[in-house]
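[1] how would this look folded up:
(one chain, ligands or ions: 2)
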Amino acid sequence: MSNAHAGAAQPLSALRSGPLRGRARVPGDKSISHRAMIFGLLSVGRTTIEGLLEGDDVLRTAAACRALGATIERTGEGAWTVHGVGIGGLREPDGVLDFGNAGTGSRLMMGVVGGHPVTATFDGDASLRKRPMRRILDPLEMMGAEVIAQAEGGRCPITLRGAADPLPITYRTPVASAQIKSAVLLAGLNAPGRTTVIETEASRDHTEKMLAYFGATVRVSPEGEGGRRIELEGRPELRPAPVVVPADPSSAAFPMVAALIVEGSDIVLEGVMLNPLRTGLLTTLREMGASIEVLERRVEGGEEVADLRLRASALKGVDVPAGRAPSMIDEYPILAVAASFAEGETRMRGLHELRVKESDRLQAVADGLAAAGVDHAIEGDDLVVRGKGGHVPGGGLVATHLDHRIAMSFLVMGLATRAPMQVDDARMIETSFPIFVELMRGLGAEFA
Ligand SMILES: O=C(O)C1=C[C@@H](OP(=O)(O)O)[C@@H](O)[C@H](O)C1
Ligand SMILES: C=C(OP(=O)(O)O)C(=O)O
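    Ligands and ions are numbered 1, 2, ... in the order given. From the prediction side, this is the model:
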């Protein structure tokens with residue numbers, strides 16, 4: 001068992017801290033790290049990865065890629081090599097593929113298995129077992145995969161028999177989801193002909209970019225207002241390619257908001273990825289009046305990155321449109337923390353997808369805000385936070401429900417509340433940001 005899932009719950013408290021100062025680099029992007037392993041598996045030969053996120057979620061994907069035939073080695077800190085078997089070359093795994101807490105890993109790998117003549121069982125922790133998988137199984141069944149076993153409502157554990165000859169399909173995703181899009185495209189890699197995914201709202205595009213980078217023919221064109229059509233020619237020969245993983249903007253979000261709310265702070269976060277489909281939080285924080293300077297813009301691993309300088313700022317409440325959700329979907333819990341320290345009302349619209357993350361994040365955030373004494377409401381799919389300009393009582397205990405982002409968000413909050421904030425279990429932080437506590441302490445944060 002991994003650290004994240006071993007032993008008993010580990011409570012942790014954050015204490016009101018002095019100004020945060022210094023420079024730091026958060027670990028590699030989780031989305032790109034999962035995909036680097038998967039593209040390594042599906043290429044014939046040796047793929048090298050630098051800056052891999054060595055979090056539990058990604059290590060589970062690596063283990064699954066091994067079980068399907070890849071040889072994977074760690075050669076240094078964040079440095080890995082994958083000897084892949086190529087499209088069509090997968091081996092049937094011996095045991096259950098245990099994805100722990102990882103929605104992305106399990107769903108993308110269902111796509112891989114769904115397009116190959118192998119049978120595999122997918123499982124995970126109590127959080128993953130609650131997450132809806134029909135959204136992935138439906139299109140895979142259209143392509144010819146069969147669900148041999150599933151828990152109620154299309155949940156894990158799921159046994160999937162992949163299609164020997166997957167049908168190329170045209171699929172319109174029912175919700176903006178890079179995981180659904182990616183599962184269909186990955187299954188489509190082994191289909192003879194063109195697989196098309198249409199999304200009404202653009203979701204993160206790492207799969208499309210990496211498909212092209214590894215040598216597949218993929219065409220991306222605009223669809224309606226803000227949507228996209230992705231067309232993939234099946235059965236390419238993927239060529240191994242070196243992957244450099246930029247720093248994860250979803251992890252950077254935590255020190256970023258910490259610096260904005262802890263008085264007197266001034267920090268620099270190095271090499272943060274600025275892929276435009278991931279920068280919704282930056283846009284929102286700027287609208288709130290955050291002092292964010294973008295320094296040294298450059299390109300790393302095919303993505304634009306920059307150093308970000310953040311200084312403590314007087315924030316004001318804003319209205320966050322629903323259309324922005326795909327570009328900041330994992331950042332709402334920490335945005336709710338920033339909003340708690342703002343003056344006035346922040347309304348975050350269209351958050352229905354938060355109900356099906358590692359926890360029901362809409363409810364978990366609302367409960368955490370209640371524990372901290374923050375005035376808030378859930379109105380339909382909207383979260384409303386009424387801040388009082390920097391005065392947040394704190395002093396509460398937050399239930400994290402096996403959700404790393406709930407844990408990190410309320411620990412960041414506690415660095416600036418009057419009384420400490422405690423989370424009931426910090427173990428899941430290991431899934432996406434294993435050095436969170438150490439990195440934050442390095443900037444001056446106090447935890448006990
Ligand atoms: O494709 C990905 O890497 C991810 C997609 C998003 O999920 P959805 O596809 O469910 O929106 C996001 O929440 C998750 O953390 C990572
Ligand atoms: C939703 C998340 O991840 P996943 O879906 O991969 O579990 C997340 O990291 O916030």
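[2] low-confidence ranges, the chain, go.
    Low-confidence segments of the chain, defined by pLDDT under 70: 1-2.
[3] how does it divide into domains?
    Domains of the chain are assigned by automatic domain parsing as 12-28+246-447, 30-244.
[4] quick one: distance of the longest one to the chain centre.
    Same thing as domain 12-28+246-447. Shown here is domain 12-28+246-447, whose average C-alpha point lies 14 Å from the average C-alpha point of the whole chain (Cα atoms, centre = their mean, to the nearest Å).
[5] ok, that domain near ligand 1 or not?
    Yes. Judged by Cβ under 6 Å from any ligand atom, domain 12-28+246-447 comes into contact with ligand 1 at 329-330, 353. C-beta: built from backbone N, CA, C; applies to glycine.
[6] correct me, but residue 64 touches residue 108?
    No. Under the criterion of Cβ atoms under 8 Å, residue 64 lies out of contact with residue 108, with a separation of 9.6 Å.
[7] let's have the domains of the chain in JSON lines, adding distance to residue 5 and mean neighbour count.
    What follows is those, written out as JSON lines (distance: least, Cβ to Cβ, whole Å; neighbours: other Cβ atoms under 10 Å):
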{"stretch": "domain 12-28+246-447", "distance to residue 5": "7", "mean neighbour count": "21"}
{"stretch": "domain 30-244", "distance to residue 5": "6", "mean neighbour count": "21"}
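[8] tabulate the ones you listed (TSV), appending distance to ligand 2.
    Shown next, in TSV, are the domains of the chain (distance: least, Cβ to the nearest ligand atom, whole Å):
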stretch	distance to ligand 2
domain 12-28+246-447	4
domain 30-244	3
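[9] kindly reformat those as CSV containing distance to residue 3.
    As requested, the domains of the chain are exported to CSV (distance: least, Cβ to Cβ, whole Å):
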stretch, distance to residue 3
domain 12-28+246-447, 5
domain 30-244, 7
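[10] how far does stretch 17-35 stretch from start to finish?
    By Cα to Cα, to the nearest Å, the extent of stretch 17-35 from end to end equals 37 Å.
[11] show me where the stretch 301-448 of the chain has its strands.
    Ranges of strands within the stretch 301-448 of the chain are 303-311, 319-320, 343-348, 375-379, 382-388, 397-398, 421-423, 446-447, based on DSSP state E, counting those that start in this stretch.
[12] no no, the stretch 1-150 of the chain
    Under DSSP E, counting those that start in this stretch, the stretch 1-150 of the chain gives strands at 12-15, 21-24, 44-50, 71-76, 79-85, 97-98, 119-123, 146-151.
[13] identify the residues contacting the shortest one?
    Right, the one you point to is strand 97-98. For strand 97-98, contacts defined as Cβ atoms under 8 Å, 6 or more residues apart in numbering pick out 60, 63-64, 67, 106, 109, 120-124.
[14] at 10 Å what do you get?
    The contact list for strand 97-98 (Cβ atoms under 10 Å, 6 or more residues apart in numbering) reads 1-2, 5, 60-61, 63-65, 67-68, 105-106, 109-110, 113, 120-125, 128, 156-158, 160.
[15] cool, the fifth one as well?
    Applying Cβ under 10 Å, 6+ apart, the external contacts of strand 79-85 come out as 33, 36-52, 54, 58, 62, 65-66, 68-75, 90-91, 214, 238, 240, 243, 245.
[16] what's near enough to touch residue 259?
    The contact partners of residue 259, taken as Cβ under 10 Å, 6+ apart, are 19-21, 265-269, 290-292, 308-313, 412, 415, 443-444.
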